[in-house]
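Engineer: sequence below, structure please.
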Amino acid sequence: MKLSRPVSWFLLAFGVWSWIIWVTFVKNLVKDSSGLAFDHGNPTAYFWVHLLLAIVSAVLGTVIGVIGFRGLRALRRTP
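Structural biologist: Okay, the predicted model is just below:
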């Protein structure tokens with residue numbers, strides 16, 4: 001199956017966007033001072049759940065971005 005150029009670019013952009021969003025989210029999660037993420041310096045369930053969410057989302061974003069990148073590469077090879 002070949003992806004169109006706009007779809008490939010969209011998937012690649014989604015992968016990049018996903019990394020930007022989730023890395024920023026994790027940085028803010030680690031710096032949280034509201035008491036949700038850390039209780040007396042120890043990570044809470046809130047922290048672990050949101051860290052897992054960020055990791056899974058980054059992995060899925062990577063997979064989607066790779067599909068978009070491969071779609072663009074396949075379009076370059078075809079005449």
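Engineer: for Asn42, phi and psi?
Structural biologist: The phi/psi pair for Asn42 (degrees, to the nearest 10) reads phi -100, psi 140.
Engineer: report all helices and strands that the host helix or strand of Gly65 contacts.
Structural biologist: Per DSSP states H and E: Gly65 is located in helix 45-77. On a contact count with 3 or more Cβ pairs under 8 Å, 6 or more residues apart in numbering; DSSP states H and E, helix 45-77 meets helix 5-30. Where C-beta positions appear, they are placed from N, C-alpha and C, glycine not excepted.
Engineer: now the helix it packs on against helix 45-77, angle please.
Structural biologist: Following axes from the mean of the first three to the mean of the last three Cα atoms, to 10 degrees, one obtains 160 degrees for the angle between helix 5-30 and helix 45-77.
Engineer: now helix 5-30, how far from the chain's geometric center?
Structural biologist: How far helix 5-30 lies from its chain's middle: 5 Å, per Cα atoms, centre = their mean, to the nearest Å.
Engineer: and if you look at stretch 41-61?
Structural biologist: Its chain's average C-alpha position is 12 Å from that of stretch 41-61, according to Cα atoms, centre = their mean.
Engineer: what residues are up against Ala74?
Structural biologist: Contact analysis of Ala74 by Cβ atoms under 8 Å, 6 or more residues apart in numbering lists 2-3.
Engineer: quick check: it vs Val63, distance?
Structural biologist: Counting by Cβ to Cβ, to the nearest Å, the gap from Ala74 to Val63 is 17 Å.
Engineer: tally of neighbours for Val49?
Structural biologist: Number of residues near Val49 (other Cβ atoms under 10 Å) recorded here: 10.
Engineer: where does this structure have low pLDDT?
Structural biologist: Scanning the chain for pLDDT under 70 picks out the ranges 78-79.
Engineer: phi first, then psi, for Asp32.
Structural biologist: Torsion angles, degrees, to the nearest 10, at Asp32: phi -60, psi 130.
Engineer: kindly report the same for Ala37.
Structural biologist: Dihedral angles (degrees, to the nearest 10) for Ala37: phi -80, psi -30.
Engineer: that one touches His50, doesn't it?
Structural biologist: Yes. Counting by Cβ atoms under 8 Å, His50 is a contact partner of Ala37 at 7.4 Å.
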